[in-house]
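> here are the coordinates; sequence isn't available:
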Ligand code: ZN
């Protein structure tokens with residue numbers, strides 16, 4: 001029933017996987033809509049205790065599908081872009097954060113920009129040793145980072161600044177050292193290690209778990225989490241209509257994407 005994601009339930013664990021490996025799991029409009037629908041499905045299914053978000057193939061996700069954006073949304077008005085990104089990027093991401101069931105991001109290969117956002121709104125992150133994280137859009141597109149500025153909350157302020165100012169990749173091992181990733185395992189063991197972690201968590205009483213998740217997330221809300229993210233979303237929208245952004249786009253989105261890969 002889904003085309004751009006793979007959804008399956010194995011025992012107490014639901015798997016929601018980006019399923020466009022031929023496109024490095026770029027997040028199309030349909031993929032994001034399906035991921036959000038699958039999240040609802042997993043929450044509604046009483047058999048599901050833990051939700052794993054991952055990607056088929058070599059990568060977690062290279063981020064939003066910029067080719068599709070260029071084809072279908074380049075002519076969007078400010079109002080249309082705002083509505084599109086509010087729903088599919090901001091609201092969908094926060095729905096992962098607010099999901100009453102525990103979530104685990106299972107990350108291999110590239111976890112970039114929009115993919116970085118999705119992974120980091122999960123409760124836990126388990127990565128293979130070949131995984132890397134990047135949000136290069138400040139440098140490549142003159143965009144003010146991705147729509148959800150989760151970075152300082154998961155990597156600390158100083159590291160977030162370096163990450164966004166340089167656009168450099170962060171390895172899985174470094175991500176674990178700074179506390180952004182819970183565990184790093186060899187690539188061949190990623191699926192088994194994730195299943196083991198998810199099954200362990202599935203043995204925790206679900207209502208107590210959902211309550212402690214609410215309290216942990218509220219400890220961020222008490223520090224202004226949602227207000228800061230909402231403010232950044234607004235600023236980010238401005239960066240889509242700057243002269244800098246227009247010049248970058250004229251220089252070619254394709255070359256920008258390639259620069260991001262370097
Ligand atoms: Zn945007």
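Structure received. Model, not experiment: these values are computed from the prediction.
> shouldn't residue 143 be in contact with residue 240?
Yes. Residue 143 is in contact with residue 240 according to C-beta atoms under 8 Å; the separation is 6.9 Å. Where you see a C-beta, it was placed from the backbone N, CA and C, and this is true even at glycine.
> those two: who's more crowded?
residue 143 (21 against 18; other C-beta atoms under 10 Å).
> those helices in this protein, which residues are they?
For the chain, the helices defined by DSSP state H occupy 29-44, 66-73, 78-85, 92-98, 114-120, 137-141, 151-155, 157-166, 172-177, 190-202, 206-221, 225-239, 243-250, 253-261.
> need those helices in JSON lines (columns: mean neighbour count).
Below are these laid out as JSON lines (neighbours: other C-beta atoms under 10 Å):
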{"stretch": "helix 29-44", "mean neighbour count": "18"}
{"stretch": "helix 66-73", "mean neighbour count": "15"}
{"stretch": "helix 78-85", "mean neighbour count": "14"}
{"stretch": "helix 92-98", "mean neighbour count": "18"}
{"stretch": "helix 114-120", "mean neighbour count": "28"}
{"stretch": "helix 137-141", "mean neighbour count": "20"}
{"stretch": "helix 151-155", "mean neighbour count": "20"}
{"stretch": "helix 157-166", "mean neighbour count": "15"}
{"stretch": "helix 172-177", "mean neighbour count": "18"}
{"stretch": "helix 190-202", "mean neighbour count": "18"}
{"stretch": "helix 206-221", "mean neighbour count": "13"}
{"stretch": "helix 225-239", "mean neighbour count": "15"}
{"stretch": "helix 243-250", "mean neighbour count": "12"}
{"stretch": "helix 253-261", "mean neighbour count": "15"}
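> need those helices in TSV (columns: distance to residue 14 and mean pLDDT).
Converted to TSV, these look like this (distance: least, C-beta to C-beta, whole Å; pLDDT from 0 to 100):
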stretch	distance to residue 14	mean pLDDT
helix 29-44	4	98
helix 66-73	26	90
helix 78-85	26	97
helix 92-98	13	98
helix 114-120	15	98
helix 137-141	30	92
helix 151-155	23	98
helix 157-166	30	98
helix 172-177	24	98
helix 190-202	9	98
helix 206-221	13	98
helix 225-239	26	97
helix 243-250	38	89
helix 253-261	31	58
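> can you list those in TSV and add distance to residue 107?
Output for those, formatted as TSV (distance: least, C-beta to C-beta, whole Å):
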stretch	distance to residue 107
helix 29-44	15
helix 66-73	20
helix 78-85	23
helix 92-98	14
helix 114-120	6
helix 137-141	19
helix 151-155	13
helix 157-166	16
helix 172-177	8
helix 190-202	8
helix 206-221	20
helix 225-239	21
helix 243-250	28
helix 253-261	18
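> any idea which of the ones you listed gets closest to residue 59?
Proximity to residue 59, assessed across the helices of the chain by C-beta to C-beta, is greatest for helix 114-120 (7.9 Å).
> please enumerate residues in contact with the closest one?
The contact list for helix 114-120 (C-beta atoms under 8 Å, 6 or more residues apart in numbering) reads 18, 25, 27, 35, 53, 55, 59-64, 89, 93, 96, 105, 107, 111, 125, 133-135, 146-148, 150-151, 154, 180.
> make it 6 Å
27, 60-61, 63-64, 93, 105, 107, 111, 125, 133, 135, 146, 148, 150, 154 (C-beta atoms under 6 Å, 6 or more residues apart in numbering).
> now swap in stretch 153-170 and tell me
So stretch 153-170 is contacted by 120, 132-134, 136, 138-139, 145, 151-152, 178, 180 (C-beta under 6 Å, 6+ apart).
> same check, this time on stretch 85-97
32, 36, 117, 121, 147-148, 233.
> also stretch 100-110?
Counting by C-beta under 6 Å, 6+ apart, 43, 50-54, 58-60, 62, 119, 122-128, 131, 190, 194, 198, 201, 210 sit against stretch 100-110.
> now swap in stretch 193-207 and tell me
Against stretch 193-207 from outside (C-beta under 6 Å, 6+ apart): 12-13, 49-50, 52, 102, 104, 106, 126, 185.
> of those residues, closest to residue 218?
For those, the nearest to residue 218 is residue 102 (15.9 Å; C-beta to C-beta).
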